[in-house]
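Visitor: Mind folding the following:
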Amino acid sequence: MPVRQLSEAIINRIAAGEVVERPASVVKELVENALDAGARKIEIVTDGGGRRLIRITDDGNGMTRDDLTLAVERHATSKLSDDDDLMAIATLGFRGEALPSIGSVSKLSIVTRHASEPHAWALGVDAGVKSQPVPAALNAGTRIEVRDLFYATPARLKFMKSERAESDAVREVVRRLAMSRPDVAFTLAGEERAHVTWPAALPGLPGSLARLGDILGSDFRANAVEVMAGKEGLGVVGFAALPTYTRANSLGQYLFVNGRPVRDKLLVGAVHGAYADYLPRGRQPVVALFVSIDPREVDVNVHPAKTEVRFRDGGLVRSLIFGALRDALARESGRAASTGGDATVAAFRPASSVPRGGWDFRRSPAAPPSFPVRNCPQQGFATDGNAAAGFAEAAQAVFDVGAAATSARVETFEPAVDALDRPLGAARAQVHDNYIVSQTRDGLVIVDQHAAHERLVYERLKAAVEKQGVARQILLIPEIVELDESDVERLVARADELAKYGLVLDSFGPGAVAVRETPSLLGEIDAVSLVRDLAEHMAEWDDGLPLERRLMHVAATMACHGSVRSGRRLKGEEMNALLREMEVTPNSGQCNHGRPTYVELKLSDIERLFGRR
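Guide: Have a look, this model is predicted:
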């Protein structure tokens, strides 16, 4: 076939395929235009998930008649300086293809008014066919309507998802843009969703946290840690959730570069690296980070939809984000997620109220079966004291639940008065041989002794390796551990890594290893179980896993085996010593697997349970 020049309509539709993937893409482009125009209020209305209608109204600078005419032409933009320096992009978009691309696959209408014009101007584009500007009525700013999206390219409609899915995508786009600009008020409406408005907040981190709380919820605001760092003209600010506040997917990671929402692998990798020492397997951190950088040090034009960026010095960006997150998490390392206390309060609340008149033990299948009902004397109310006492004893017997089970053993003791003012309070009791109940001035704390001690041992191991290495204890008789040959090969191949943490082993035939030394820090441990667990973990390691990450896995496994086990009865002095060490140990708010080590209940929460508030 001969080479021929494509028509303008085909060129625009090809460009639309790159820029306009779905209704959410249209919303993103138009809202970014409104932000670049200096808008302080933006209203987004959709219908049919955006396929039937998208309307964006803003109070920005607007356009003159001549600007409006040029705005719907290809490769026309107001977002570049006069010298056309593509390396100094200070706006959210500059490709100059959004409006003509949208107009080529839909019915587009624009009404805009500039302060220098006596009235507004309106212009329409129907499947790429442009009309002439005509006078219109509008107070200020711009209103853009996109109707019947992709009607000019019916094949694209086959790739559209349900209206609900498209509506959710639009909502997510607006959420991210609203996070990046807390100083701008956003309104999102449509028949698919409830009307929502995010009012403008104060500038700076307080306003940013308020906007993030409005969008991500009060739980994020309660569990957010402030992040702030800068180096060599590069800055990062924002908020990161505590490691005990996580999600099952990465949708809770909001990353911005110079105000632009992005999904960048380098930034995501830095976030995951910073949380690697805290999160359980399969959980993802929740963060909102804003990176500011010289526009000449980042290329924002590497993706048609402007969702990816490329840094000139990616290593510097990664190290700054990694360090900022690690410092922030270390600063708040003693905190655990507040949602744990909320869940505890909810668990204490009765599922349903007791029926009026009490339980009917003869009819109600929900009656507590553990209450032994004893026969009461069949007699009337007597007036003498002995009869009254006998009746009281018989009535009290109804509530006798018998002796406590051994698993519910509770040992209490008087608290140290000076310890009540400490963050984790003074130990009062140990229940079920695993949970320490501690009293503070304004509430109580429940500590998982095994999870807490596991983190303490882990941090000691890391500190010992960084200083002089983990001290070893030689076994009088080596422990022989039988394993699969493949497991033996993996262990022997990484014997040097294990030795750094005080575990010395070597091959003992084709299907066994001999453990000759163990870490002194762990005391007496079950070396056989430890080695088998290490072998199982190593089988799941990726060959490309960095040495640092492998060593952290080794330390975490050792700490689990060397910590106070569930079921061990502790004395009051031991409990208080554990609490005091938690208060001064980094990251003690969560164990090596990312679970919280303690739950705190405020006195006000407890009083609400009993109707005192």
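
Visitor: What is the least confident helix or strand in the protein?
Guide: Lowest on mean pLDDT, DSSP states H and E among the helices and strands of the chain sits helix 385-397, with a mean of 44.

Visitor: ranges for the strands of the stretch 401-550 of the chain?
Guide: Assignment of strands within the stretch 401-550 of the chain using DSSP state E, counting those that start in this stretch yields the ranges 410-412, 426-431, 435-440, 443-448, 472-482, 504-507, 512-519.

Visitor: Out of those, which is closest to V129?
Guide: Closest of the strands of the stretch 401-550 of the chain to V129 is strand 443-448, at 68.3 Å (criterion: Cβ to Cβ). For every residue, glycine as well, the C-beta is placed using N, CA and C.

Visitor: Stretch 425-436: end-to-end distance?
Guide: Length of stretch 425-436, first residue to last, Cα to Cα, to the nearest Å: 11 Å.

Visitor: Name the residues of that stretch that come out as buried.
Guide: Buried residues in stretch 425-436, counted by 16 or more other Cβ atoms under 10 Å: G425, A426, A427, R428, A429, Q430, D433, N434, Y435, I436.

Visitor: So which of the residues you listed sits lowest on pLDDT?
Guide: Least confident of these in the model: D433, at 78.

Visitor: If you count neighbours, what's buried in stretch 35-44?
Guide: So for stretch 35-44, counting by 16+ other Cβ under 10 Å, buried means L35, D36, A37, A39, K41, I42, E43, I44.

Visitor: picking that back up, and the strands of the stretch 401-550 of the chain as JSON lines, adding distance to L456?
Guide: Formatted as JSON lines, those follow (distance: least, Cβ to Cβ, whole Å):
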{"stretch": "strand 410-412", "distance to L456": "22"}
{"stretch": "strand 426-431", "distance to L456": "16"}
{"stretch": "strand 435-440", "distance to L456": "13"}
{"stretch": "strand 443-448", "distance to L456": "12"}
{"stretch": "strand 472-482", "distance to L456": "19"}
{"stretch": "strand 504-507", "distance to L456": "24"}
{"stretch": "strand 512-519", "distance to L456": "14"}
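
Visitor: Quick one: closest of these to L601.
Guide: Per Cβ to Cβ, nearest to L601 of the strands of the stretch 401-550 of the chain: strand 443-448, 5.2 Å.

Visitor: on contacts alone, who are the packing partners of the closest one?
Guide: Secondary-structure packing of strand 443-448 (3 or more Cβ pairs under 8 Å, 6 or more residues apart in numbering; DSSP states H and E): strand 435-440, helix 572-584, strand 598-602, helix 603-609.

Visitor: Throw those into TSV and include distance to V447, thanks.
Guide: Formatted as TSV, the helices and strands packed on strand 443-448 follow (distance: least, Cβ to Cβ, whole Å):
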stretch	distance to V447
strand 435-440	4
helix 572-584	7
strand 598-602	4
helix 603-609	17
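
Visitor: Indicate which one of the ones you listed is closest to G523.
Guide: Judged by Cβ to Cβ, the one of these that comes nearest to G523 is helix 572-584, at 14.2 Å.

Visitor: can you tell me the average pLDDT over the closest one?
Guide: Helix 572-584 shows a mean pLDDT of 86.

Visitor: on that earlier part again, indicate which one of the helices and strands packed on strand 443-448 is closest to P243.
Guide: strand 598-602 (13.6 Å).

Visitor: Next, the buried residues of the closest one.
Guide: Here strand 598-602 shows Y598, V599, E600, L601 as buried, counting by 16+ other Cβ under 10 Å.

Visitor: List the beta-bridge partners for the last one.
Guide: The residues paired with L601 through beta bridges, assigned by DSSP bridges, are L444.

Visitor: do you know how far it is from R455?
Guide: Distance of L601 to R455, given as Cβ to Cβ, to the nearest Å: 21 Å.

Visitor: and what of the second one?
Guide: Going from V599 to R455 by Cβ to Cβ gives 15 Å.

Visitor: Likewise for P154?
Guide: To R455, P154 is 59 Å away according to Cβ to Cβ.

Visitor: Tell me which of the two has more neighbours.
Guide: Taking neighbours as other Cβ atoms under 10 Å, P154 and R455 compare with R455 leading, 27 against 8.

Visitor: Fine, thanks again, bye for now.
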